[in-house]
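Asker: quick one, structure for this:
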Amino acid sequence: MKTFKVLISLIITVSLVYALNRGWGAIPALGTVLDPFHGIPRNAVIEPIPGTLDVPGLKGQVTVIYDSAMIPHIFATNDEDIYFAQGYVTASMRLWQMETQIRAGKGRLAEILGPGLLERDRSQRRLGMVYAAENSLREMEANPGSFKAITSYTAGVNAFINSLDDNKLPFEYKLLGYKPEQWTNLDCAMLLKNMAQTLNMGEKDKEMTRALAMLGKPAIDLLWPDNENVGDPIVDHTKNWKFKPVTLDTIPLAVPGGLVDVRSHRMANKDVGSNNWVVSGSKTATGAPLLCNDPHLNLSLPSIWFAIHLNTPDMNVMGSSLPGAPSVIIGFNDSIAWGVTNAQRDAVDFYKVKFKDNKLDEYLSDGAWKKSRKVIEKIGIKGQEPFYDTVTYTHQGPVVYDMSFHGKDLANLYAFRWLSHDGSNELQTFYELNRAHNYNEFMSALDHFQTPAQNFVFASTAGDIAIRVQGRFPVRRKDEGKFILDGTKTQQEWKAFIPFDQNVMDKNPARGFASSANQYPADATYPYYINGSSYEAYRNAQDQRCARCTYKSHAARHDEAATGQLQPESIRELTLFPGQSRFHITQRIRKESISGIEVVGL
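Answerer: As a prediction, this is how the structure comes out:
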């Protein structure tokens, strides 16, 4: 009997050890997760980074101080160390978020979450997200400033990853049963392409082409005009645009006539939007400019933003960073403040491609057959064999849907032309903005910024305010980009881009403020055709009223602001309009004064 009891106990123990140390479908290995010495309970003990950061790879002394809001303030003696420390500190608080959003961008979620994510991974691969990141990485690594920032940041992230053992591994990895990979410079570039996907992949080409076939062009112009002309543009220079615009040929575009029988790719949440404004010192009680920025993107936990302060002998900047990329993206330094909202400009075109046959090896372009490029994508799947997908590229871009992925036949194959596929170096913009001292340096920094198009507002201790709609915009003929384009004719492809100095911008406007709330960017006399995914008019009308008032009592102050002079008092509350007019939320805020600029932040 004793032997039998011992045998039963042994069988139960071995069975429990086996059952608890392996995953069962979507259920993780519970033994590893619940282990009190190495599992999730171990993560209940938070080990803050000490004041002096002592990590192999640093060149000098680095100090990290956390304030009452757990915002890290990092002090270093050189640029390499400040970005190394930024990567290390950000990873210590957001590593799983950083890695997961990169996996989402690359189409690698099925590796850790199983076959239910295969469809999404295939879609990401077919949008050419890694292709876009690789093109931009070449530009980033060719510039000394951005190369230094991205390489040091990557080294800092990896220093934290290499410091982890089973005890310190973030609980998400324990729950899902895997370990973090080494960070790469490509991951930093991938993060910026993720933002471009959220902000600058909006288009209605296929839907508008369907509507055109059913309703006709007059109905389209009536129901979906490019500009409703009911709101105030970001910049109104009516008949006063002082430059000679780039012009194209006068051949009109062929308007498509058939229906488009293909699904639309995954779009950004329609509630994503943003507001910002800047008021000159002539309208504030202190006489200093006032700048406010409200980038209400997708709500997530943790947030897509990470507040941080970076200090070196030649830089003192604070604001919001993106976990996974160096520098401060929205913020202020000792001399300037800046903010961004999404510009909504059309950065996507679809070209109907004529392939020679079902092999998709050759496609027609200007009467000749051109060779396509095939990319074989190996997609890992947790618990299963890898899935192999072949993506076909034309010179316009990848063919998102074909006969193996939601496409029916050769008549419904479209190449995806996305501005963010082109090489660019937005990281250099923020490297320079973090160090900028004045309006001219602000403008020079923006010359590196191509995509996603953004409305940059600016204020300086010198009293200047400005707004600039910045991006690399194709010169388009009327209606170009609104419908599906003919991929057999290069004449319908992008031929020129608007020079940066001819983008919509304004410095020290006479009315004393500038603002954007995703409305149409310019008055009707702006000489370039503008089309966007979803311009609005109602929010900016309210924002302009807000720009003239303080926040003591919103309604009571509007009449007072109409006189053009705000009453001196302490600014303590901020009213936000996040996305829809039905939201009217008053929150307590923190106000910091930096050498004459009042910066308002949550």
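
Asker: what's near enough to touch the most centrally placed residue in the chain?
Answerer: Nearest residue to the geometric centre of the chain (C-alpha atoms, centre = their mean): residue 195, 1.9 Å. For residue 195, the set of contacting residues under the criterion of C-beta atoms under 8 Å, 6 or more residues apart in numbering consists of 322, 452. Bear in mind the C-beta positions are built from the backbone N, C-alpha and C, glycine included.

Asker: please, where are all the strands along the stretch 151-300 of the chain?
Answerer: Listed in chain order, the strands of the stretch 151-300 of the chain (DSSP state E, counting those that start in this stretch) span residues 275-279, 290-294.

Asker: what pLDDT does the residue nearest to the centre of the chain get?
Answerer: Each residue has a pLDDT score; the one for residue 195 is 89.

Asker: go on, residue 211?
Answerer: 82.

Asker: and residue 536, by the same measure?
Answerer: For residue 536, the model assigns a pLDDT of 77.

Asker: just checking, it touches residue 521?
Answerer: No. Under the criterion of C-beta atoms under 8 Å, residue 536 is not in contact with residue 521, lying 11.9 Å apart.

Asker: which one of those two has more residues nearby?
Answerer: Under the neighbour definition other C-beta atoms under 10 Å, residue 536 and residue 521 were set side by side, and residue 521 has more, 24 against 19.

Asker: now do the contacts for the more buried one.
Answerer: When the contact criterion is C-beta under 8 Å, 6+ apart, the partners of residue 521 are 233-235, 343, 345, 455, 469, 504, 530.

Asker: same deal with residue 200?
Answerer: Residue 200 sits next to 342, 345, 347-348, 419-420, 451-453, 471 when contact means C-beta under 8 Å, 6+ apart.

Asker: what's the closest of these to residue 204?
Answerer: When those are compared for distance to residue 204 (C-beta to C-beta), residue 348 wins out at 9.6 Å.

Asker: buried sites along the single longest strand found in the chain?
Answerer: In the chain, with assignment by DSSP state E, the single longest strand is strand 384-394. Buried residues in strand 384-394, counting neighbours by 16 or more other C-beta atoms under 10 Å, are found at 389, 391-394.

Asker: tell me how far it lies from the chain's centre.
Answerer: Remark: strand 384-394 is offset 26 Å from the chain centroid, using C-alpha atoms, centre = their mean, to the nearest Å.

Asker: elements contacting that strand?
Answerer: Strand 384-394 is packed against helix 118-126, strand 373-381, with contacts defined by 3 or more C-beta pairs under 8 Å, 6 or more residues apart in numbering; DSSP states H and E.

Asker: that strand relative to helix 118-126, how many degrees between them?
Answerer: 30 degrees (axes from the mean of the first three to the mean of the last three C-alpha atoms, to 10 degrees).

Asker: quick one: distance of the lengthiest helix in the chain to the chain centre.
Answerer: Longest helix of the chain, by residue count under DSSP state H: helix 79-106. Shown here is helix 79-106, whose average C-alpha point lies 16 Å from the average C-alpha point of the whole chain (C-alpha atoms, centre = their mean).

Asker: just the pLDDT at the closest residue to residue 281 other than its chain neighbours, thanks.
Answerer: If you skip the residues right next to it in sequence, residue 281 has residue 287 as its closest partner in space, 4.4 Å away by C-beta to C-beta, 6 or more residues apart in numbering. Per-residue confidence (pLDDT) for residue 287: 93.

Asker: state the distance from residue 287 to residue 277.
Answerer: The span separating residue 287 from residue 277 equals 18 Å under the rule C-beta to C-beta, to the nearest Å.

Asker: mind listing the helices for the stretch 201-350 of the chain?
Answerer: 205-215, 217-223 (DSSP state H, counting those that start in this stretch).

Asker: ranking those helices by burial, who's on top?
Answerer: Among those, judged by mean count of other C-beta atoms under 10 Å, the one packed with the most neighbours on average is helix 205-215 (a mean of 17).

Asker: rewinding a little: okay, the helices of the stretch 201-350 of the chain in JSON lines with distance to residue 181 next?
Answerer: Formatted as JSON lines, those follow (distance: least, C-beta to C-beta, whole Å):
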{"stretch": "helix 205-215", "distance to residue 181": "36"}
{"stretch": "helix 217-223", "distance to residue 181": "48"}
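
Asker: how about the helices in the stretch 51-200 of the chain?
Answerer: Under the criterion DSSP H, counting those that start in this stretch, helices of the stretch 51-200 of the chain are mapped to 79-106, 110-113, 118-126, 129-142, 144-162, 171-176, 185-200.

Asker: ok, of those helices, where does mean pLDDT dip lowest?
Answerer: In terms of average pLDDT, helix 171-176 trails the rest of these, at a mean of 87.

Asker: residues of that helix that come out buried?
Answerer: Taking 16+ other C-beta under 10 Å as the neighbour-count basis, helix 171-176 is seen to contain the buried residues 172-176.

Asker: show me the contacts of residue 200 that map onto strands.
Answerer: With strands taken from DSSP E, the overlap with the contacts of residue 200 comprises 342, 348.

Asker: residue 2: which of the contacts of residue 200 is nearest?
Answerer: residue 420 (71.9 Å).

Asker: so residue 86 touches residue 150, yeah?
Answerer: No. Look at residue 86 against residue 150 with C-beta under 8 Å: they stay out of range, at 11.2 Å.

Asker: more neighbours, the two?
Answerer: residue 150 (29 against 26).

Asker: residues in contact with that one?
Answerer: Shown here is residue 150, whose contacts under the criterion C-beta under 8 Å, 6+ apart are 83, 140-141, 185, 188-189, 325-326, 427.

Asker: okay if I get those residues as TSV plus distance to residue 307 and neighbour count?
Answerer: Formatted as TSV, the entries for those read as follows, by distance: C-beta to C-beta, whole Å; neighbours: other C-beta atoms under 10 Å:
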residue	distance to residue 307	neighbour count
83	17	26
140	24	27
141	28	16
185	24	18
188	19	28
189	23	31
325	14	26
326	15	29
427	19	29
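
Asker: adding distance to residue 478, write those out as TSV.
Answerer: Formatted as TSV, the contacts of residue 150 follow (distance: C-beta to C-beta, whole Å):
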residue	distance to residue 478
83	46
140	36
141	39
185	41
188	39
189	35
325	37
326	41
427	35
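
Asker: quick one: which of those is nearest residue 486?
Answerer: Closest approach between these and residue 486, by C-beta to C-beta: residue 189, at 32.2 Å.

Asker: so the closest one makes contact with residue 140?
Answerer: Yes. Taking C-beta under 8 Å as the contact criterion, residue 189 and residue 140 are neighbours in contact, 6.2 Å apart.
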